[in-house]
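1. sequence isn't available, so here's the structure alone:
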């Protein structure tokens, strides 16, 4: 599935009447606050959601404007938030429950009935969890509006719903959250909270406002995997270069065409390299967030303004997680840490992270805990151990910021594994 084919959610509350801009704005604001989808996917979902309200191109036009404004406002607002928000605490509690044998999922399925029906499939590779808890998409939307979230819970074979509910409530309180629940099994657990979910990396990318923007035709010269991979075809240059090119997989060149002229773009580390069909136009290398300069050169124009400052940290990541599998995608430090924190215990979610000089660190949630190792690719030997989340974050911060291997600095007993 690409950003051009996002499944539409169930209908929720939107402003009544014929004020389409207000309806679009309300929906976009909610999606931005949920912090689950990047900009292009929000526009696609808005069009699907309001499909019967107006012509699709009109909805998309309004949505693009609203997304840019709401994302900008959200990013400014999150700079004022505390270091740890209630939303962070909720995720911390859910990770602890996962590790304790209770499948815990956030914004899981569209409604409670679907959640109860599908939660059993979340147990991985023969593991036998004792129970489950989740809140669904409609709960998340109510949380955005200030109503807190309501958690469903239940037991699998060998446990009781009352025991699972009590354990869920205890984990929430241990994370610093308030819990409203009287122990009655027939009632969901209410967690009043202030919904504050940060956007970083791709989720923080804002559609570029380009005065003289043009449509370019995009051709992918390889398999760009991941749920938010772009579609081929015509797109505004400012949007494609801001929302997609910075995360171009290393093995996937793209061909951009404008009025019969073309440039092939590949990523080399933290830079984009453009090679032009026109022999009179020299190859151009820019930062991965400065792809618009490649299009401007295609048009015979100089770069507009100063280059974007490079984000803090760089690694190239391959791995599987809740939204699919991605191959050789560049991440800055903040996005890398967010990806690590989103990995689910006992899920076999994994990441392979390669620094600028080729040093490699791998981490995965195994049934025995969170594993981290330094992999010598040529020798096919790895050295590592199970670690805490904080320890893994320190190791990956050293790799992303200093291009330094730090697994040996963890101390404790390290295990050497031979892969041949």
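-> Cool, the structure landed. It should be emphasised that the depicted structure is a prediction, and the values quoted were computed from it without experimental measurement. Numbering: from 1, shown residues only.
2. number of residues surrounding the nearest residue to residue 195 once chain neighbours are set aside?
-> With CB to CB, 6 or more residues apart in numbering as the criterion, residue 195 has its nearest non-adjacent residue at 4.6 Å, and that residue is residue 143. Quick note: C-beta positions are derived from backbone N, CA and C, even for glycine. Residues contacting residue 143 under the criterion other CB atoms under 10 Å number 26.
3. separation between residue 143 and residue 46?
-> For residue 143, the distance to residue 46 (CB to CB, to the nearest Å) stands at 20 Å.
4. before we move on, what about residue 168?
-> Look at residue 168 and residue 46: by CB to CB, they are 34 Å apart.
5. tell me the SS of residue 346?
-> When the structure is split into helix, strand and coil by DSSP: H, G, I helix; E, B strand; the rest coil, residue 346 lands in coil.
6. next up, the contacts around it.
-> Each residue near residue 346 by CB atoms under 8 Å, 6 or more residues apart in numbering is listed here: 98-99, 124, 127, 129, 365-367.
7. a markdown table for those, including secondary structure, pLDDT and neighbour count?
-> Formatted as a markdown table, the entries for the contacts of residue 346 read as follows, by DSSP: H, G, I helix; E, B strand; the rest coil; pLDDT from 0 to 100; neighbours: other CB atoms under 10 Å:
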| residue | secondary structure | pLDDT | neighbour count |
| --- | --- | --- | --- |
| 98 | helix | 94 | 22 |
| 99 | helix | 92 | 18 |
| 124 | coil | 73 | 16 |
| 127 | coil | 77 | 13 |
| 129 | coil | 92 | 23 |
| 365 | strand | 93 | 24 |
| 366 | strand | 91 | 15 |
| 367 | coil | 87 | 13 |
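8. farthest-separated two in those?
-> The largest separation in those, counting by CB to CB, is between 129 and 366 at 15.0 Å.
9. name the nearest residue to residue 266, ignoring sequence neighbours.
-> Nearest-residue entry for residue 266: residue 253, 4.3 Å, with adjacent residues in sequence omitted and distances by CB to CB, 6+ apart.
10. identify the residues contacting residue 120.
-> Applying CB under 8 Å, 6+ apart, we find residue 120 in contact with 132, 156.
11. that one: what secondary structure?
-> Of the three states, residue 120 takes helix under three-state DSSP.
12. let's number from 31 now, not from 1
-> Sure, I'll start counting at 31 from here, so that last one is residue 150.
13. report the buried residues of the helix of greatest length in the chain.
-> For the chain, the helix with the greatest residue count under DSSP state H is helix 86-108. Within helix 86-108, the residues that qualify as buried are 89-90, 92-98, 100-101, 104-105, 108, counting by 16 or more other CB atoms under 10 Å.
14. max pairwise distance over those residues: which two?
-> Those two in those that are separated most widely, counting by CB to CB, are 89 and 108, at 26.9 Å.
15. quick one: the residue in the chain sticking out farthest from the centre from residue 327, how far?
-> Each residue of the chain has a distance to the centre, and by CA atoms, centre = their mean the biggest one is for residue 310: 40.0 Å. Relative to residue 327, residue 310 is positioned 11 Å away (CB to CB).
16. how about residue 168?
-> Relative to residue 327, residue 168 is positioned 47 Å away (CB to CB).
17. of those two, who's got more company?
-> When residue 168 is set against residue 327 and neighbours are counted by other CB under 10 Å, the residue ahead is residue 327, at 21 against 17.
18. what ranges in this structure fall below the confidence cut-off?
-> Residue ranges of the chain with pLDDT under 70: 31-48, 155-156, 351-354.
19. domain assignment for it?
-> Domain assignment for the chain, taken from the TED database, gives 50-109, 116-221, 235-329, 345-448.
20. for residue 338, which of those domains is the nearest?
-> The stretch from the domains of the chain with the least distance to residue 338 (CB to CB) is domain 235-329; that distance is 4.1 Å.
21. and the closest one, how far apart are its ends?
-> Between the opening and closing residues of domain 235-329 we find a distance of 24 Å, counting by CA to CA, to the nearest Å.
22. return the distance of it from the chain's centre.
-> 21 Å (CA atoms, centre = their mean, to the nearest Å).
23. so residue 171 makes contact with residue 64?
-> Yes - the pair residue 171 / residue 64 is scored as a contact, 7.3 Å apart, by CB atoms under 8 Å.
24. can you give me the helices for the stretch 81-230 of the chain?
-> Assignment of helices within the stretch 81-230 of the chain using DSSP state H, counting those that start in this stretch yields the ranges 86-108, 116-129, 142-148, 167-174, 191-204.
25. shouldn't residue 350 be within a strand?
-> Yes - with three-state DSSP as the criterion, residue 350 is part of a strand.
26. tell me how many other residues crowd it.
-> A total of 15 residues lie near residue 350 under the criterion other CB under 10 Å.
27. quick check: beta-bridge partners of it?
-> When bridges are called by DSSP bridges, residue 350 pairs up with residue 355, residue 380.
28. against residue 209, how distant is it?
-> As it turns out, when the distance is counted by CB to CB, residue 350 lies 33 Å from residue 209.
29. can you check residue 190 too?
-> For residue 190 relative to residue 209 (CB to CB), the value is 19 Å.
30. these two - which one has more neighbours?
-> When residue 190 and residue 209 are compared for neighbours, residue 209 comes out ahead with 16 against 13, by other CB under 10 Å.
31. do I have it right that that one meets residue 202?
-> Yes - look at residue 209 against residue 202 with CB under 8 Å: they come within range, at 5.0 Å.
32. between the two, what contacts are shared?
-> Common contact partners of residue 209 and residue 202 (CB under 8 Å, 6+ apart): 219, 221.
33. state the number of residues packed around the closest residue to residue 244 other than its chain neighbours.
-> Distance criterion CB to CB, 6+ apart; nearest residue to residue 244, sequence neighbours excluded, is residue 267 at 5.5 Å. A count of neighbours around residue 267, defined by other CB under 10 Å, yields 25.
34. wait, doesn't residue 267 sit right on residue 323?
-> No - at 10.7 Å, residue 267 does not count as touching residue 323 under the criterion of CB under 8 Å.
35. now residue 344: closest residue in space that isn't a chain neighbour?
-> That would be residue 300: by CB to CB, 6+ apart, it lies 4.9 Å from residue 344.
36. can you give me the distance of the one you found to residue 202?
-> The gap separating residue 300 from residue 202 is 40 Å, by CB to CB.
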